[in-house]
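> Can you look at this prediction? I've put the sequence above it.
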Amino acid sequence: MSDILRRGRLSKSPGEEMRAYTSSMDADKWIFEADVYIDMAHTLMLQEQGIISKDDCSQILSGLLQIKEEGMETLDFSYEDIHISLESRLIDLIGEDAGGRMHSGRSRNDEVATCIRFALRSELLSILEDLMKLETALTALSSDHIYTLMPGFTHLQHAQPTTFAHHLAAHADAIERDIGRLISAYGRVNICPLGSAAFASTGFPIDRYVTAARLGFSKPMTNSMDAVSSRDFLIECAAAFSNIMINLSRMAEELILWSTPEFNFAELDDTYASTSSIMPQKKNPDTAELMRGKSGTVVGSLAALVTICKGLPLSYNRDLQEATPHIIKSAHVTGASVRMLTGIMETLTIHEDVMKTQSAAGFTTATELADTLVREAGIPFRTAHRIIGTLSKTAAVPSLKDIDAVSYDLLGFKLSDKGLTEEGVSGALDPMSNVERRRVVGGPSPAQMRDDLADKKRRLSALQKEIWDMDLAVEKALENLTEEVKTKI
Ligand code: ARG
């Protein structure tokens, strides 16, 4: 049949290049299922509102069901987008007298905005599930290592002793914030533009609340012009994905460093490693390197989205079509990366002995020693900092005698005369006792970590419930919609 879109206003067909340049069919595969559901919900509402007859409604619904079952492959990919291709297939199946009524009271502008929100919310739910699994893996690993000493770093230089649990829980806290950001974004994604039509809504007596609810959205979007024009929800999600990927990339970077013989803190399972085509001995952490690289892809999508949306006048502009592939790509890369990192963490070999030895290397106990001078000898911290700083230039592990010599030189008295003891010094030089002393909120002491991890586990089960409820609400709505469609045929 002739092109149902162009046959009126336009008298020439597009050339192949124009067709390819303007078509969104490739990216629209992502919204095929969404579009069918949206067509169904809209059609049911049109009939209930007396806008189309029962008979037309039932014909349209059975055509849509057939299209859903046949899948997108049977659609004509030469159309400019899935909406027109789908409507054209419907008209082919049931004729224009019934099929030509489906698009009453709406436009592709509200249709596509609804489709994107519909498809994106599934992506959000699936990434949230993936993040929960990663968070669970990090928390479990952390719980196993509350006594595993390791050096903490600043400027990638040995700084102070900490535990592997504390280090992992730091990453887990970042991921928990990512989960919170996605849940919050979900609330702004899961609202329904349908019925806004081109931008000025419609003169047909449609019921936007009914379609929104049937599709599992929390409510209709208020302003019909905003509903078709806005893509800030894409920017927001891409920014949240970018944050996730930056957090993942930082973990990946550490895994890469830890896998070197210089660090030798950990080893990736063979499943996640690659080898060299020439150097037979090589075991390379390629998966982690790709994760670091893919973070660039996701941040690139965010840059693309921001730039596409910038400076667009209200309401719909075709530029917006260019935004969709970026959100698809960034969502898919993010989900895959989160799943990959979970696997890596679950199978990681940890070299506790190396971490322990390294926890004291580089005089990591210097801060605790300076603090001990303050506590036992009553000198100001800045003075203690100077004494230990001076000592660290020469003595790898200073003794009470070394400290006395420097304090005598600098201050004119020995700190042992002011209350500094042998036990005080040796205690300060013990990395485990350094860690045990750091028991303030957020500190690495095993007791504190145990409390923090228990709190985290409680928060995680509350988050998991929230995510399952969001998931269930959508699933139920779509199940009901499918049932209703069947009863109307
Ligand atoms: N393919 C279009 C998109 O992705 C659908 C909306 C087209 N609307 C229009 N007025 N040309 O944005």
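All right, it came through fine.
> I'd like the mean pLDDT over the lengthiest helix in the chain, please.
Among the segments of the chain that qualify as a helix by DSSP state H, the longest is helix 446-488. Averaging pLDDT along helix 446-488 gives 98.
> again with stretch 210-221
98.
> mind checking the end-to-end distance for it?
In stretch 210-221, first residue to last residue: 13 Å (Cα to Cα, to the nearest Å).
> where along the stretch 151-300 of the chain do the strands fall?
157-163, 266-267 (DSSP state E, counting those that start in this stretch).
> Now render those as TSV, adding distance to Leu255.
C-beta here means a position set from N, CA and C on the backbone, and glycine is covered the same way. As requested, the strands of the stretch 151-300 of the chain are arranged in TSV below (distance: least, Cβ to Cβ, whole Å):
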stretch	distance to Leu255
strand 157-163	18
strand 266-267	7
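> angle of the helix or strand harbouring Gln66 against helix 446-488?
When elements are assigned from DSSP states H and E, Gln66 belongs to helix 54-70. When axes from the mean of the first three to the mean of the last three Cα atoms, to 10 degrees is applied, the directions of helix 54-70 and helix 446-488 differ by 130 degrees.
> ok, residues contacting helix 54-70?
33, 36, 39-40, 43-44, 46-47, 52, 74-75, 86, 89-90, 93-94, 97-99, 101-102, 485-486, 488-489 (Cβ atoms under 8 Å, 6 or more residues apart in numbering).
> give me the number of residues near Lys486?
11 (other Cβ atoms under 10 Å).
> Lowest mean pLDDT among the helices and strands, pick that one out for this protein.
helix 16-22 (a mean of 94; mean pLDDT, DSSP states H and E).
> buried ones in the next helix or strand after that helix?
Downstream of helix 16-22, the next assigned helix or strand under DSSP H and E is helix 25-28. Neighbour-count burial for helix 25-28 flags Met25, Ala27, Asp28 (criterion: 16 or more other Cβ atoms under 10 Å).
> how about TSV for the strands of the stretch 151-300 of the chain, with distance to Arg318, mean pLDDT and mean neighbour count added?
Below are these laid out as TSV (distance: least, Cβ to Cβ, whole Å; pLDDT from 0 to 100; neighbours: other Cβ atoms under 10 Å):
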stretch	distance to Arg318	mean pLDDT	mean neighbour count
strand 157-163	53	97	20
strand 266-267	50	98	18
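> Those strands: which one's closest to the ligand?
Evaluated over the strands of the stretch 151-300 of the chain, closeness to the ligand peaks at strand 266-267, with 44.9 Å, by Cβ to the nearest ligand atom.
> which residues touch whichever residue of the stretch 201-350 of the chain sits closest to the ligand?
Residue nearest to the ligand within the stretch 201-350 of the chain (Cβ to the nearest ligand atom): Gln321, separated by 3.4 Å. By Cβ under 8 Å, 6+ apart, the contact set of Gln321 is Ser24, Ala27, Asp81, Val112.
> and the gap between the first one and the ligand?
Ser24 sits 4 Å away from the ligand, taking Cβ to the nearest ligand atom, to the nearest Å as the criterion.
> 15 is where my numbering starts, stick with that
OK, 15 is where the count begins now, so the last one is Ser38.
> Show residues contacting stretch 218-235.
Counting by Cβ under 8 Å, 6+ apart, 51-52, 55-56, 58-60, 62-65, 118-119, 128, 131-132, 201, 204-210, 241, 487-492, 494-495, 498 sit against stretch 218-235.
> doesn't Val352 make contact with Met305?
No: assessed by Cβ atoms under 8 Å, Met305 is found out of contact with Val352, at 9.5 Å.
> Kindly point out which residues are neighbours of both of the two.
Leu262.
> Just give me how far stretch 447-458 sits from the chain centre.
Chain-centre distance of stretch 447-458: 31 Å, with Cα atoms, centre = their mean, to the nearest Å.
> So which bits of it are buried?
Asn448, Val449, Glu450, Arg451, Arg452, Gly457, Pro458.
> ditto for stretch 237-246
In stretch 237-246, counting by 16+ other Cβ under 10 Å, buried: Ser238, Met239, Ala241, Val242, Ser243, Ser244, Arg245.
> quick revisit: using TSV, lay out the contacts of Gln335 together with pLDDT.
Converted to TSV, the contacts of Gln335 look like this (pLDDT from 0 to 100):
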residue	pLDDT
Ser38	97
Ala41	98
Asp95	97
Val126	98
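> Now for Ser215, how many residues are close by?
Neighbours around Ser215, by other Cβ under 10 Å: 20.
> Setting aside sequence neighbours, what's the nearest residue to it?
Once flanking residues are discounted, Ser215 sits nearest to Ser238: 4.2 Å by Cβ to Cβ, 6 or more residues apart in numbering.
> ditto for Ile45
Ile45's closest residue in space is Cys129 (Cβ to Cβ, 6+ apart), at 3.8 Å.
> Could you pull up the contacting residues of Thr285?
By Cβ under 8 Å, 6+ apart, the neighbours of Thr285 are Gly357, Thr361.
> now Gly166
Ala173, Gln174, Pro175, Thr176, His180, His181, Thr378.
> wait, which of those residues is closest to Glu360?
His181 (16.9 Å; Cβ to Cβ).
> quick one on the thing from earlier: using ChimeraX, define a selection of the buried residues within the contacts of stretch 218-235.
A single ChimeraX command selects the buried members of the contacts of stretch 218-235 (16+ other Cβ under 10 Å):
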select :51,52,55,56,58,59,60,65,118,119,128,131,132,204,205,206,207,208,209,210,241,488,491,492,495
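> Cross the contacts of stretch 218-235 against helices and list the overlap.
51-52, 55-56, 58-60, 62, 128, 131-132, 201, 241, 487-492, 494-495, 498.
> Against Leu304, how distant is Thr311?
Plainly put, Thr311 is 10 Å away from Leu304 if you go by Cβ to Cβ, to the nearest Å.
> One more: Leu145?
19 Å.
> out of the two, which sits in the busier spot?
Taking other Cβ under 10 Å, Leu145 and Leu304 do not tie; Leu145 has more neighbours (23 against 16).
> What is the burial count for the residue nearest to that one when sequence neighbours are not counted?
Excluding the flanking residues, the one nearest Leu145 by Cβ to Cβ, 6+ apart is Ile193, at 5.1 Å. Using other Cβ under 10 Å, Ile193 has 23 other residues around it.
> Ile193: what's it in contact with?
Leu142, Leu145, Met146, Glu149, Leu477.
> Make a markdown table from those residues and add distance to the ligand to it.
Formatted as a markdown table, the contacts of Ile193 follow (distance: Cβ to the nearest ligand atom, whole Å):
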| residue | distance to the ligand |
| --- | --- |
| Leu142 | 25 |
| Leu145 | 28 |
| Met146 | 31 |
| Glu149 | 34 |
| Leu477 | 33 |
